[in-house]
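A.B. asks: Build me a model from this:
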Amino acid sequence: MNRYLKKISDFCQEYGMLPRGGTVMACVSGGTDSMCLLWVLRELAPVYGFTLLAAHFNHMLRGEESDGDEAFVREYCDGAGIELICGSGDVRAEAERRGKGIEETARDMRYAFFFSEAGKRGIGRVATAHNADDNLETVLMRIARGTGLRGLCGIPPVSGRLIRPLLALTRAEILKLNGQNGIPHREDSSNSSDEYTRNKLRHRVLPVLREINPSLNVTGMTELLRRDEEYLSGKAREFIEESCTEDAVPASGLASLPFPVSSRAVRGVFGEKLSEAHVEAVLELAKSPDPSGRLDLPGLAVRREYGKLTSAEASEKAFQERVLSLDRPVIMEEIGLTVSCEPAEGQRIYNSLTNFLIKRDTINSELIIRPRKTGDALKTRAGTRSVKRLMIDKKIPAHMRASLPVIACGDRVLAVYGLGQSVDTLPVGGEPAIIIKTEKRGKEEIR
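C.D. replies: Below is the predicted model of the structure:
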């Protein structure tokens with residue numbers, strides 16, 4: 001076996017890239033690297049026992065030249081007996097529609113095509129032709145734009161169903177392999193243009209770096225950094241799985257973690273796209289002694305509630321005051337609650353924080369359900385207490401307090417959902433009473 005081919009084969013084995021008995025889709029543009037990939041996979045298919053097919057996406061960026069690339073790939077695959085899937089899309093028009101760059105849009109569109117076709121056909125591996133030089137260029141681009149450890153890990157050999165067998169070779173080695181085996185290719189005229197960031201690095205920066213170190217290669221470095229990243233991310237996942245619930249993160253536990261782990265845990269819970277400043281703000285909230293705090297992030301609100309961090313949409317729902325009657329239930333979509341009133345039939349003992357048995361002569365004016373107001377109070381067996389103080393004592397999260405309905409007659413509070421009712425509203429003996437029932441329609445409840 002050719003030494004370059006063996007190097008790729010060993011690399012594939014190390015990362016378990018090639019499935020025995022499965023199917024591999026090679027993404028082929030017609031250029032030097034992708035034609036090498038197709039040739040390599042054709043050679044390895046009988047060794048590993050997988051089925052090979054090719055896929056080509058026409059970006060429609062270079063007119064007849066783009067069409068010529070597709071025709072070239074089609075002719076080669078026909079001659080080699082390789083099934084080919086072709087797709088196309090107007091990248092320039094789509095980039096204008098999205099307001100994004102040509103390079104980014106082209107990548108998005110071709111990957112969407114490749115993965116769509118792989119999904120339809122049940123293909124387990126999609127191979128691209130990234131090589132060791134591409135990896136180096138990617139790391140340099142990320143350094144130029146600002147990156148952390150994850151960015152310095154470069155291009156991973158395997159990412160889900162995506163595999164990159166040619167990361168084992170430099171571009172110079174690929175050219176040698178192609179020359180030794182007469183592998184044809186098409187030259188992409190855009191490769192000579194410095195319009196694209198990657199080409200600027202390739203043409204202007206790498207030659208200078210290779211003057212300093214002719215064998216410059218970051219493959220070893222990225223592999224070591226990838227192991228460090230996997231370890232730290234694993235520790236963050238352990239914390240999330242062992243200490244976090246579906247909707248809450250223990251603030252003290254998060255704050256006690258080393259920053260490399262806690263920062264990953266924050267992103268794992270609240271969103272991978274959080275900036276470094278956002279991550280640090282969440283960690284400061286976790287360390288805060290204030291039992292109730294709030295942090296607004298793009299599209300997200302993070303709250304500290306009695307030792308726990310929770311998240312919700314940045315905008316909170318309010319609800320409007322409504323009149324309660326015996327005629328029909330009141331549906332409060334804003335807070336996911338249905339409230340109904342009906343005469344109590346012989347019930348004289350009732351103990352609930354969400355359903356209330358109230359003596360009729362307490363109701364001397366219109367019965368309403370409304371949000372809490374300043375000065376609201378309930379009479380308890382220990383004396384009159386402000387509703388705010390009762391909510392704090394019960395450790396009801398601050399963001400939920402404004403949405404807990406208060407049932408009142410005029411300025412008098414009869415009951416509060418989640419807290420109970422004033423003791424002077426409870427019926428005794430055979431006093432006429434009504435029962436106010438609530439039914440939760442949403443997910444968030446007071447516990």
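A.B. asks: The stretch 151-300 of the chain: strands as residue ranges?
C.D. replies: According to DSSP state E, counting those that start in this stretch, the stretch 151-300 of the chain carries its strands in the segments 158-159, 162-163, 249-250, 292-297, 300-305.
A.B. asks: Turn those strands into JSON lines, including distance to Asp424 and mean pLDDT.
C.D. replies: (Glycine included, C-beta is placed from N, CA and C.) As requested, the strands of the stretch 151-300 of the chain are arranged in JSON lines below (distance: least, CB to CB, whole Å; pLDDT from 0 to 100):
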{"stretch": "strand 158-159", "distance to Asp424": "66", "mean pLDDT": "92"}
{"stretch": "strand 162-163", "distance to Asp424": "69", "mean pLDDT": "96"}
{"stretch": "strand 249-250", "distance to Asp424": "40", "mean pLDDT": "93"}
{"stretch": "strand 292-297", "distance to Asp424": "30", "mean pLDDT": "82"}
{"stretch": "strand 300-305", "distance to Asp424": "32", "mean pLDDT": "84"}
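A.B. asks: right, and the ones you listed - which one's nearest Ala344?
C.D. replies: Checking those against Ala344 by CB to CB gives strand 300-305 as the closest, at 35.6 Å.
A.B. asks: Kindly format the C-alpha coordinates of the closest one as PDB.
C.D. replies: Extracted C-alpha coordinates of strand 300-305, given in PDB (Å, rounded to 0.1, in the frame of the first residue of the first chain):
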ATOM      1  CA  LEU A 300     -32.600  35.300  27.700                       C
ATOM      2  CA  ALA A 301     -33.100  36.300  31.300                       C
ATOM      3  CA  VAL A 302     -31.000  34.500  34.000                       C
ATOM      4  CA  ARG A 303     -32.300  34.800  37.500                       C
ATOM      5  CA  ARG A 304     -30.900  34.000  40.900                       C
ATOM      6  CA  GLU A 305     -33.600  32.600  43.200                       C
END
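A.B. asks: Beyond that strand, next helix or strand please.
C.D. replies: Scanning forward in sequence from strand 300-305 by DSSP states H and E, the next helix or strand is strand 308-312.
A.B. asks: Identify the residues contacting the following helix or strand past that following strand?
C.D. replies: Where DSSP H and E defines the elements, the next helix or strand beyond strand 308-312 is strand 322-323. Strand 322-323 is contacted from outside by Val330, Met332, Glu366, Leu367, Ile368, Ile369, Arg370, using CB atoms under 8 Å, 6 or more residues apart in numbering.
A.B. asks: PyMOL command for the buried members of those residues?
C.D. replies: Provided next is the PyMOL selection string for whichever of the contacts of strand 322-323 are buried by 16 or more other CB atoms under 10 Å:
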select buried, resi 330+332+367+368+369+370
